[in-house]
Each structure stands twice: as C-alpha cells, then as structure tokens.
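K.L.:
kindly return the folded structure for what I paste below:
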Amino acid sequence: MKSLLRLLPWLALLLLPLAAADDPALAAVRHADDARVAASLAGDRAQLAALFSADLNYRHSSGLINDKAALIDHLTNESRYLSFQYEDRNFTSASPVIVLMTGHCRLKSESKGKTKDLHLSFLGVWRREGETWRLLAWQSCNVAPGKP
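P.N.:
Numbering: from 1, shown residues only. Predicted structure coming up:
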C-alpha cells in the first residue's frame, strides 16, 4: 500500500498534461485565437472588436503600444498581415478566467508599401469576459536570425 501511495504523485504529474489537453477553456481559447488570426488576415474590424478586450494592451515587437481602438485601426487601415503561421503555440490555464498563450510565429506584414518578414516570440493573455474569451494582452519580440 505504501508503494502505491508513493506512486500517486508521480502518476498525477504524468496525467496532468492529458487533463490540460482536455480542458474546455484551453480549447475555447485556441478557437478564439484562430479566429483572431483569421480576422487579422482579413482586416475584419467587427470580428477583431469582438475578440479584443476593452482593456487590451498590445505591445508590438517594434515597441509600438496599442489599445483596442488603435490596434483595430492599425490592422484595418495602416497595416495588413499577408501571412501568419505559428511554429509552436502553448496554452496554460493560470486561473479559471485567465489563459496564457506562449510560442513562436512567423508573419509577413505590409505597411506603407513596405513588406516585413517577422519571426517572433510572444506572450498572449486571454481573459474570459462573461462567456467569451478575449485577448487582454500581447507582447512579442523579434527572434534573432539563426535562433529557434
């Protein structure tokens, strides 16, 4: 019996990733983020407004900081995403109403006739507001050439 009790914590650690994979909140945030990327690529102002929190704090890799209104204007008028691809994207439940999203992505954007190819490392914070998950914060930085 003592052997079984000693194994229980290890068994719980092994099963924790399986439980997280089935977490409905993580699946809902993954779906919301997929919709955010699609709306960003399409320049869909209404969809972006529905997916961004009113309290949004978005920090671009360039250092530019936007609130919700400024980011929507930026994505629909000033700049546009030509492509957006995740290399990896991980979700961690921080609380019942907060999910952290980390990873790396590559994107191509166009602004004022200039095209940029970006390789980013990022942290996104999603918050459940009522029944809807909305992006609360984003911060990214450029990954140095030759680095994973």
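
K.L.:
quick check: bridge partners of the residue positioned nearest the centre of the chain?
P.N.:
Compute the mean C-alpha point of the chain, and by Cα atoms, centre = their mean the closest residue is G124, 4.2 Å away. Beta-bridge partners recorded for G124 (DSSP bridges): M101, W138.

K.L.:
wait, it touches A137, no?
P.N.:
Yes: in this structure, G124 is within contact of A137 by Cβ atoms under 8 Å, at 7.0 Å. Just so you know, the C-beta spots here come from the backbone N, C-alpha and C atoms, and that holds for glycine as well.

K.L.:
that older thread, how about the contacts made by the residue nearest to the centre of the chain?
P.N.:
33, 100-102, 135, 137-138 (Cβ atoms under 8 Å, 6 or more residues apart in numbering).

K.L.:
quick one: name whatever helix or strand follows the helix or strand bottoming out on mean pLDDT in the chain.
P.N.:
For the chain, using mean pLDDT, DSSP states H and E, the weakest element among its helices and strands is helix 2-21, scoring a mean of 47. Helices and strands here follow DSSP states H and E; after helix 2-21, the next one along the chain is helix 24-42.

K.L.:
and stretch 76-88, how far out from the chain middle?
P.N.:
Chain-centre distance of stretch 76-88: 13 Å, with Cα atoms, centre = their mean, to the nearest Å.

K.L.:
just the C-alphas of it, formatted as PDB.
P.N.:
Taking Å, rounded to 0.1, in the frame of the first residue of the first chain, the C-alpha atoms of stretch 76-88 are listed here in PDB:
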ATOM      1  CA  THR A  76      -7.600  47.500 -40.800                       C
ATOM      2  CA  ASN A  77      -6.100  50.800 -42.100                       C
ATOM      3  CA  GLU A  78      -2.400  51.200 -41.600                       C
ATOM      4  CA  SER A  79      -1.000  47.700 -41.900                       C
ATOM      5  CA  ARG A  80      -2.100  44.300 -43.100                       C
ATOM      6  CA  TYR A  81      -1.000  40.800 -42.500                       C
ATOM      7  CA  LEU A  82      -0.100  38.900 -45.600                       C
ATOM      8  CA  SER A  83       0.600  35.600 -43.700                       C
ATOM      9  CA  PHE A  84       0.700  34.400 -40.200                       C
ATOM     10  CA  GLN A  85       2.000  30.900 -39.200                       C
ATOM     11  CA  TYR A  86       2.600  29.500 -35.700                       C
ATOM     12  CA  GLU A  87       5.700  27.500 -35.200                       C
ATOM     13  CA  ASP A  88       4.500  26.500 -31.800                       C
END
